[in-house]
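*Asks:* based on what follows, work out the 3D shape:
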Amino acid sequence: MRRSLFTKAVRFRGDTGKARCGIIGLSPKKDVLSLIVEHRRAVSDSRAPGRPQASSRAMLEEAAAELFLEQTYAGTTIGDIARRAGVSRNTFFNYFSAKSDLLWVDVDAGLAVLPASLADCDRAAPVTQSVRQALLRVAAGFGPGRVPWALTQYELMATSSELEASALARFLVQVGLVHEFVGARPGQAALADLAGRAFSNAVVAAAVAAAREWAAAGVGRGELAGYVDAAISPVCAGFHPVLDRDQA
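*Replies:* You can find the predicted model right below:
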């Protein structure tokens, strides 16, 4: 029988003498037990009854979180994760192309709605306003109880370097989506427009900064959307005279 996360958390705490506190995004009183129990609750909520494949994915996510907490990200192999989850390496690759993908499960799920959010925008509205609304719809999927664990536990899991390396590709994808949307609007010079490219990079970077600030705010953080709105609104306002000349 697999040991419970609670049991493993106690052992992990005992090995180090004390739980490391002060992890970014958490209150000073929040310890390893709280971290792991919080993750178990998040994984359990994501499981769909009667769907073994979804459960296999959730088991891999849970196993990875356990192992990253116990022996760090670098000290954990894909084989370790598969064994802890009770599945084969082939099963792992049915769901994830790399170990780093496990750090982004919640983030990737949230970002997946951006294309539809952009497509649903009112074509008659100013482009900067449309992008703002689309990004706020993405942010609305993250409340104070849904914080990607990789953003709050990276010190304990020693994932800082890997997060930085794997974040760039995701950032560029979101920039590309926004830039394509901006370029496709009437009056914009498709993918050759410098202002559109600058705006796309700036507004996505502002949203990323907001997400980091939100994750670091601790248990009283509130909704992500408020942080994102505060960060991207000045960017949208600044580019409005250039990109929305017809509406200015």
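
*Asks:* which residues of the chain fall in helices?
*Replies:* Using DSSP state H, the helices of the chain run over 5-16, 32-46, 52-71, 78-85, 89-95, 105-111, 114-119, 127-139, 149-152, 154-157, 160-184, 194-216, 224-243.

*Asks:* care to break the chain down by domain?
*Replies:* Domain assignment for the chain by automatic domain parsing gives 5-96, 103-243.

*Asks:* report the central residue of this protein.
*Replies:* Taking Cα atoms, centre = their mean, the centroid of the chain lies closest to residue 107, which sits 2.4 Å from it.

*Asks:* quick check: phi and psi at residue 77.
*Replies:* Residue 77 adopts backbone torsions of phi -100, psi 170, taken as degrees, to the nearest 10.

*Asks:* give me every residue that touches it.
*Replies:* residue 99 (Cβ atoms under 8 Å, 6 or more residues apart in numbering). Where C-beta positions appear, they are placed from N, C-alpha and C, glycine not excepted.

*Asks:* before we move on, back to that, could you export the domains of the chain as a markdown table, including mean pLDDT?
*Replies:* Shown next, in a markdown table, are these (pLDDT from 0 to 100):
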| stretch | mean pLDDT |
| --- | --- |
| domain 5-96 | 66 |
| domain 103-243 | 90 |
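
*Asks:* and residue 238, how far from residue 198?
*Replies:* For residue 238, the distance to residue 198 equals 10 Å [Cβ to Cβ, to the nearest Å].

*Asks:* over to residue 60?
*Replies:* To residue 198, residue 60 is 39 Å away according to Cβ to Cβ.

*Asks:* next: residue 228.
*Replies:* Using Cβ to Cβ, one obtains 19 Å as the distance from residue 228 to residue 198.

*Asks:* so between these two, which is more surrounded?
*Replies:* Neighbour comparison, residue 228 and residue 198: the larger count goes to residue 228, with 26 against 15 (by other Cβ atoms under 10 Å).

*Asks:* on that earlier part again, count of neighbours near the nearest residue to the residue nearest to the centre of the chain once chain neighbours are set aside?
*Replies:* Spatial nearest neighbour of residue 107, excluding adjacent residues (Cβ to Cβ, 6 or more residues apart in numbering): residue 148 at 5.1 Å. A count of neighbours around residue 148, defined by other Cβ under 10 Å, yields 20.

*Asks:* please renumber the chain so that the first residue is 5 from this point on.
*Replies:* Right, with 5 as the first residue, what we last looked at is residue 152.

*Asks:* ok, residue 152 - contacts?
*Replies:* 108-111, 219.

*Asks:* from what I see, residue 205 and residue 176 are in contact.
*Replies:* No: the pair residue 205 / residue 176 is not scored as a contact, 9.2 Å apart, by Cβ atoms under 8 Å.
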